[in-house]
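In: Here's my sequence, what's the structure:
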Amino acid sequence: MRRCISPEEWLIVTLRFLTTGNSFGSLHFELLLGVSIISRIVRQICDLIWQRLREAVMPVLKAEDWIQIAEGFYVDLQFPNCIGALDGKHIHIKKPPHSGSRYYNYKQYFSVVLMALADITYKFIIVDIGAYGSTADARISGTSRICKRLRANQLALPEHRMLPGSAGPPAPFVIVADEGFALAPHVMFPFPRSNLDDNRCIFNYE
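Out: Model (predicted):
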């Protein structure tokens with residue numbers, strides 16, 4: 001019988017794939033393993049990494065965690081009550097078999113969309129991965145799990161609080177995004193680029 005592949009080798013194969021981006025076919029020649037075996041190893045190890053490390057690297061946030069993130073935005077950018085920056089990124093992929101044009105995006109390549117919420121240190125705190133590349137940004141933002149949980153008030157956001165130097169009513173904590181996202185009580189984006197006056201230009205700049 002052939003020598004079995006040790007757990008250490010499973011991890012090495014996966015890390016080699018993730019760090020180099022080489023195809024399974026290329027790794028087949030480098031590691032002298034079958035393409036189907038490499039494919040199975042990578043998928044299973046990635047699932048295990050996510051299951052074992054998810055709570056450590058991307059835990060479910062509580063109200064006090066959001067407040068700490070907001071303090072970072074206020075100290076570094078003087079932006080009060082901000083709990084993250086949200087945007088999407090097209091991740092280049094090979095066209096999946098029998099997928100038609102679902103993954104073909106407006107940039108003229110095949111992709112899946114990574115939607116991520118980042119804190120002031122650029123660290124991802126929530127991710128949503130897998131939307132078709134052909135889907136419009138507005139639709140992706142509306143159907144992503146992040147936005148659905150935000151609309152359903154399932155992110156354990158802290159209660160509204162007063163803005164520094166303000167005597168008005170308490171203001172909600174907000175996520176900053178671009179114009180591709182829908183305006184909502186907890187989502188803020190710049191004014192559209194057309195018909196900007198001085199005040200709106202200053203707001204967008206800040």
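In: what about residue 83, neighbour count?
Out: Counted with other C-beta atoms under 10 Å, the neighbours of residue 83 add up to 27. The C-beta positions use only the backbone N, C-alpha and C, and glycine is treated the same way.
In: isn't there a helix covering it?
Out: No. Residue 83 is assigned strand when assessed by DSSP: H, G, I helix; E, B strand; the rest coil, not a helix.
In: isn't it right up against residue 157?
Out: Yes. With contact defined as C-beta atoms under 8 Å, residue 83 counts as touching residue 157 (7.1 Å).
In: who touches both of those two?
Out: 66, 173 (C-beta atoms under 8 Å, 6 or more residues apart in numbering).
In: Which elements pack onto the helix or strand of the chain with the lowest mean pLDDT?
Out: Across the helices and strands of the chain, the lowest-confidence element by mean pLDDT, DSSP states H and E is helix 137-143, at a mean of 73. Here helix 137-143 touches strand 82-92, strand 111-118, going by 3 or more C-beta pairs under 8 Å, 6 or more residues apart in numbering; DSSP states H and E.
In: where does residue 2 land on pLDDT?
Out: On pLDDT, residue 2 comes in at 65.
In: rewinding a little: TSV for the helices and strands packed on helix 137-143, including mean pLDDT and distance to residue 191?
Out: What follows is the helices and strands packed on helix 137-143, written out as TSV (pLDDT from 0 to 100; distance: least, C-beta to C-beta, whole Å):
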stretch	mean pLDDT	distance to residue 191
strand 82-92	90	17
strand 111-118	90	22
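In: how near is residue 156 to residue 144?
Out: 18 Å (C-beta to C-beta, to the nearest Å).
In: Show me the helices in the protein, by range?
Out: For the chain, the helices defined by DSSP state H cover 7-20, 24-31, 35-57, 63-77, 137-143, 145-151, 198-205.
In: Out of those, the one nearest residue 173 is which?
Out: Nearest to residue 173, of all the helices of the chain, is helix 63-77, at 6.1 Å by C-beta to C-beta.
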